[in-house]
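Peer 1: what follows is a predicted structure for the sequence shown.
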Amino acid sequence: MAAIAHSDIVKAPKALLHDHLDGGLRPATILELAEEIGHPLPAGDPEALGAWFAAAADSGSLERYLETFAHTVAVMQTEESLHRVAKECALDLAADGVVYAEVRYAPEQHLERDLTLDQVVEAVNAGFVAGGQEAAALGRPIRVGVLLTAMRHAARSQEIAELSVRYRDAGVVGFDIAGAEAGFPPTRHLDAFEYLQRENFHFTIHAGEAFGLPSIWQAIQWCGADRLGHGVRLVDDISGDGVLGRLAAYVRDKRIPLELCPSSNVQTGAAASIAEHPIGLLHDLRFRVTVNTDNRLMSGTSMSREMALLSEAFGWGWAELQWLTINAMKSAFIPYDERLAIINEVIKPAYAKLLG
Ligand SMILES: O=c1[nH]cnc2c1ncn2[C@H]1C[C@H](O)[C@@H](CO)O1
Ligand SMILES: [Zn+2]
């Protein structure tokens, strides 16, 4: 089957569970905000700056990939800049046909100019509301839920977990940990995860990206993660002929969602290429696979582009793209009835037309 064109995928409704706010700024916005505060950048025009991020993130190492965030985080230290970046994020996702998105960021990284954690969360949430309203007025409705991330090398996870719960009825739908994986196992933050479970709250954990099965095992079996951020190394527990080890079987049996991010994985060396990305195998074995952008700026990508790349690499048509979209919507952290409404009222009718 011929690959589905990017321009057609843009028109189809999509759901996105793993997108970093500080990994998705518009290059032009970074330039303007950096100018205001005198932050030096490695390039002077939007095109060159976008190309710099993509090249610098293309190192084959997660640690070096993460160094590029110094420039985005630096320009996100005021309420105005956080509001603007969140608003533009909602608008950009909506313009790409994303109808539901969970966007994450680490509030603790936005305190360099004396904001409080609460001010950070409120500025971002207000930006998403403004962006959502503007997108709806443009005929591109989108629902955005926020995930608050704690950095795994730091020691603020309990505080960020409590912050997440405090804003659970004001836009925050879940919690996450991110940052360099090797040397910083999920169990380092066990207290925070146990607290969240007692609060009946939702969380995902970046695991199985730059480190393998022990990280995934801890995330699921010690910490109780609802979903896996990446989880791509789960393939280490699947033999060449498709026989699942105990952990892979558990993840599949329990329908634990995998937030796979193909382009990001190629850049950090977690996969050799899109065509060789384990998403093909995980799809064939019927894991609860979802497709995500991770960092649109660093990967020069979008939801539609990720899907177009997969359609080309694996011959996936509308049926597979609908499956991925419904998987993501089923795995979202908003209430069940709200997920179901988006599936039945938005996603299924649109794909029914596309499937003909
Ligand atoms: O793919 C990733 N793995 C681990 N950490 C990541 C990834 N993408 C972004 N981050 C980090 C860098 C950001 O500053 C932070 C919060 O969004 O999360
Ligand atoms: Zn990520």
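Peer 2: Received the coordinates, thanks. Ligands and ions are numbered 1, 2, ... in the order given.

Peer 1: just the buried residues of the helix or strand where Ala51 lies, please?
Peer 2: Per DSSP states H and E: Ala51 is located in helix 46-56. Residues Leu49, Gly50, Trp52, Phe53, Ala54, Ala56 are the ones in helix 46-56 that count as buried (16 or more other Cβ atoms under 10 Å). Placement of C-beta: from N, CA and C, glycine included.

Peer 1: how far away is the residue of the stretch 101-250 of the chain found nearest ligand 1 from Ser331?
Peer 2: Per Cβ to the nearest ligand atom, Ala178 is where the stretch 101-250 of the chain lies closest to ligand 1, at 3.4 Å. Ala178 sits 18 Å away from Ser331, going by Cβ to Cβ, to the nearest Å.

Peer 1: please apply the same query to Ala275.
Peer 2: Taking Cβ to Cβ as the measure, Ala275 falls 25 Å from Ser331.

Peer 1: and the two? Which one has more around it.
Peer 2: Ser331 (22 against 14; other Cβ atoms under 10 Å).

Peer 1: give the contact list for that one.
Peer 2: Applying Cβ atoms under 8 Å, 6 or more residues apart in numbering, we find Ser331 in contact with Leu17, Arg227, Pro257, Arg288, Thr290.

Peer 1: what do you get for Ala271?
Peer 2: Contact analysis of Ala271 by Cβ under 8 Å, 6+ apart lists Val232, Pro262, Asn265, His277, Pro278.

Peer 1: what does the stretch 251-356 of the chain put close to ligand 1?
Peer 2: Contact residues (Cβ under 6 Å from any ligand atom) of the stretch 251-356 of the chain with ligand 1: Ser264, Asp294, Asn295.

Peer 1: at 8 Å what do you get?
Peer 2: Proximity of the stretch 251-356 of the chain to ligand 1 (Cβ under 8 Å from any ligand atom) is limited to residues Cys261, Ser264, Thr268, Asp294, Asn295, Met298.

Peer 1: up against ligand 1, what does the stretch 1-150 of the chain have?
Peer 2: Counting by Cβ under 8 Å from any ligand atom, the stretch 1-150 of the chain sits next to ligand 1 at 20-23, 62, 65-66, 69, 72-73, 104-106, 109, 149.

Peer 1: so which of those residues is surrounded by the most neighbours?
Peer 2: Comparing those on neighbour count, Tyr105 comes out first with 29 neighbours (neighbours: other Cβ under 10 Å).

Peer 1: quick one: it and Leu25 touch, right?
Peer 2: No - taking contacts as Cβ atoms under 8 Å, Tyr105 lies outside contact range of Leu25: 11.0 Å.

Peer 1: which residues touch Thr78?
Peer 2: Contact analysis of Thr78 by Cβ under 8 Å, 6+ apart lists Arg113, Leu115.

Peer 1: ranges for the helices of the stretch 101-250 of the chain?
Peer 2: 117-137, 157-166, 190-198, 213-217, 246-253 (DSSP state H, counting those that start in this stretch).

Peer 1: got phi/psi on Ser239?
Peer 2: Ser239 adopts backbone torsions of phi -80, psi 170, taken as degrees, to the nearest 10.

Peer 1: can you check the pLDDT for it?
Peer 2: Here the pLDDT value assigned to Ser239 is 97.

Peer 1: number of residues surrounding it?
Peer 2: 10.

Peer 1: for Ala271, see how far away the closest residue to it other than its chain neighbours is.
Peer 2: Closest residue to Ser239 apart from its sequence neighbours, by Cβ to Cβ, 6 or more residues apart in numbering: Gly245 at 7.7 Å. Per Cβ to Cβ, Gly245 is found 20 Å from Ala271.

Peer 1: surely Trp217 touches Leu247?
Peer 2: Yes - using Cβ under 8 Å, Trp217 is in contact with Leu247, at 5.6 Å.

Peer 1: nearest to Leu91 among the contacts of Ser331?
Peer 2: Leu17 (19.2 Å; Cβ to Cβ).

Peer 1: chain center to the helix or strand containing the closest one: distance?
Peer 2: Assigned by DSSP H and E, Leu17 falls within strand 14-20. Centre-to-centre, strand 14-20 and its host chain are 5 Å apart (Cα atoms, centre = their mean, to the nearest Å).

Peer 1: one more: stretch 286-304?
Peer 2: Centre to centre, stretch against its chain (Cα atoms, centre = their mean), the figure for stretch 286-304 is 7 Å.

Peer 1: so, low pLDDT: which residues of the protein?
Peer 2: Scanning the chain for pLDDT under 70 picks out the ranges 1.
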